[in-house]
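S.K.: My questions are about this predicted structure, shown below with the sequence.
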Amino acid sequence: MKVAVLSFAHVHAAGYLRLLSRMPGVEVIGSDPDQDLAAPGEVRGRALADEVGVAYAPTYEEAFAWGPDAVIVCSENARHRPLVERAALHGVSVLCEKPLAASVADGEAMVEACRAAGVRLAVAFPVRFSPAYAAVKAAVASGEAGRVLAVSGANNGSMPNRARRWFAEPELSGGGALMDHTVHIADLLDDLFGDARPVEVYAQTNNLLHADEVAVETAGLVSVTYSDGAVATIDCSWSHPRSHHSWGGLELTVVGERATLEMDAFDQKVHGFDERRGRGTELPFGADLDELMLRAFLYGPEEGGIDVADGEGGLRTLRVVAAAYASAESGAPVAVG
């Protein structure tokens, strides 16, 4: 199987290249011609491909001429649409980094282009593949927890513009922390709740954190009401300090009629203190969620296992984000479009 990674703008691009290069039966090539917006010091293009040890195509045209069976789009959010539409034109399955797009209009166009071409569109939400989430989903699906009444979620992390500057530039990212970190939990709930859909959103944001570095929102709290009456709150802040030993994490508490379920998607780690560096450290073990997601995208889910989010699901989470921005601006609840 031949897989092309298009653009290295996203921080996950290097990880995907490494994982794909180690998968038996997978040939991988990278292409990163659009480096005009990269900040000084960001390792991109052929230099990153050489560092990872994969083949490189100087243009997207050459990457598609190579004949990939699938592509992974890792560009800036605002540049997802043209690459996904190009994949649809070539009849190639595509996994697009989250969020699906920087705007709902672009997301709708991407879904329609892939539907019209009969091409699979998937969205990179690796937290679906967490064993902790699988246990929560099983407890809800079996009825063990009873009807879900409320959910409290937090997706906190470091400000990502320190690795890639464009994350804090709205014309490329679509926003700040609200755009970056709401969608992971919104996707889990989209999968967990099944037919129940988000109907109303209320949100508050600010940039008290890191106000000296960026103008976008760096903290937010989003409340979502679902069609079955459940209410979810999502803390989507870039709240980890520069010196923190971890990039971030994702935690979820699900309150049901008969049980309360708690999960931490990234706590398969040994925690300690590094005397040489004078700060805390973590040694991860357990499942690699990105690898599980890539395998599900390329080969399909295991029997009874989780599948990657599709374009329609990615569009639903994007509409939650759009409603949250409208609510934060107006100060009032906003219906989900």
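M.R.: Looks like it arrived, so ask away. Numbering: from 1, shown residues only.

S.K.: hey, C-alpha coordinates of stretch 214-233 in CSV?
M.R.: C-alpha atoms of stretch 214-233 as CSV (Å, rounded to 0.1, in the frame of the first residue of the first chain):
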residue,chain,number,x,y,z
VAL,A,214,-0.7,35.9,20.9
ALA,A,215,-4.0,37.7,20.3
VAL,A,216,-6.2,34.6,19.8
GLU,A,217,-8.2,33.0,22.7
THR,A,218,-6.0,30.8,24.8
ALA,A,219,-8.7,29.6,27.2
GLY,A,220,-12.3,28.6,26.8
LEU,A,221,-15.2,26.8,28.4
VAL,A,222,-17.9,25.4,26.1
SER,A,223,-21.3,24.0,27.2
VAL,A,224,-23.2,21.9,24.7
THR,A,225,-26.8,20.7,25.1
TYR,A,226,-27.8,17.6,23.2
SER,A,227,-31.1,16.5,21.7
ASP,A,228,-31.6,13.9,24.4
GLY,A,229,-31.2,16.4,27.2
ALA,A,230,-27.6,15.6,28.1
VAL,A,231,-25.3,18.6,28.8
ALA,A,232,-21.5,18.5,28.3
THR,A,233,-18.9,21.0,29.3
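
S.K.: And it, what's buried?
M.R.: Across stretch 214-233, burial judged by 16 or more other CB atoms under 10 Å covers 214, 216-226, 230-233. Where C-beta positions appear, they are placed from N, C-alpha and C, glycine not excepted.

S.K.: Between which two of these is the distance greatest?
M.R.: Val214 and Ala230 (33.3 Å; CB to CB).

S.K.: need the helices for the stretch 151-300 of the chain, in chain order.
M.R.: Taking DSSP state H, counting those that start in this stretch as the criterion, the stretch 151-300 of the chain carries its helices at 170-173, 177-192, 289-299.

S.K.: which one of those is the most hemmed in?
M.R.: helix 177-192 (a mean of 26; mean count of other CB atoms under 10 Å).

S.K.: Kindly spell out which helices and strands sit in contact with that one.
M.R.: helix 131-141, strand 148-157, strand 198-206, strand 219-226, strand 231-235, strand 248-256, strand 309-310, helix 311-330 (3 or more CB pairs under 8 Å, 6 or more residues apart in numbering; DSSP states H and E).

S.K.: residues in contact with Leu95?
M.R.: Applying CB atoms under 8 Å, 6 or more residues apart in numbering, we find Leu95 in contact with Ala70, Val71, Ile72, Val73, Ala122, Val123, Ala124, Leu294, Phe297, Val308.

S.K.: So which of these sit within helices?
M.R.: Judged by DSSP state H, helices contain the following of the contacts of Leu95: Leu294, Phe297.

S.K.: Which of the contacts of Leu95 sits closest to Ser330?
M.R.: Checking the contacts of Leu95 against Ser330 with CB to CB, the nearest one is Val123 at 27.7 Å.

S.K.: one step back: possible to save the contacts of Leu95 as CSV with distance to Ala163?
M.R.: Putting those into CSV (distance: CB to CB, whole Å) gives the following:
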residue, distance to Ala163
Ala70, 25
Val71, 23
Ile72, 18
Val73, 18
Ala122, 24
Val123, 21
Ala124, 17
Leu294, 20
Phe297, 24
Val308, 24
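
S.K.: Which of the contacts of Leu95 are buried? Put it as a ChimeraX command.
M.R.: Written as a ChimeraX command, the selection of buried residues from the contacts of Leu95, which uses 16+ other CB under 10 Å, is:
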select :70,71,72,73,122,123,124,294,297,308
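
S.K.: Among the contacts of Leu95, which lie within strands?
M.R.: Those of these mapping onto strands are Ala70, Val71, Ile72, Val73, Ala122, Val123, Ala124, per DSSP state E.

S.K.: For the last one, give me the pLDDT.
M.R.: Predicted confidence (pLDDT) at Ala124: the value is 98.

S.K.: so what's it bridging to?
M.R.: With DSSP bridges as the criterion, Ala124 is bridged to Glu97.

S.K.: ok, it touching Met293?
M.R.: Yes: the pair Ala124 / Met293 is scored as a contact, 6.5 Å apart, by CB atoms under 8 Å.

S.K.: quick one on the thing from earlier: so which of the helices and strands packed on helix 177-192 gets nearest Asp180?
M.R.: Asp180 lies closest to strand 148-157 among those, at 8.2 Å (CB to CB).

S.K.: by how many degrees do the closest one and strand 248-256 diverge?
M.R.: Angle of strand 148-157 versus strand 248-256, following axes from the mean of the first three to the mean of the last three CA atoms, to 10 degrees, is 170 degrees.

S.K.: Would you mark the buried spots in strand 148-157?
M.R.: Neighbour-count burial for strand 148-157 flags Val148, Val151, Ser152, Gly153, Ala154, Asn155, Asn156, Gly157 (criterion: 16+ other CB under 10 Å).

S.K.: Could you find the closest non-adjacent residue to the fifth one?
M.R.: For Ala154, ignoring the flanking residues on the chain, the nearest one in space by CB to CB, 6 or more residues apart in numbering is Asp235 at 4.1 Å.

S.K.: What of the second one?
M.R.: The shortest distance from Val151 to any non-neighbouring residue, by CB to CB, 6+ apart, is to Ala232 (4.0 Å).

S.K.: Ok, the third one next?
M.R.: Computed as CB to CB, 6+ apart, the closest residue to Ser152 that is not its neighbour in sequence is Thr253, at 4.6 Å.
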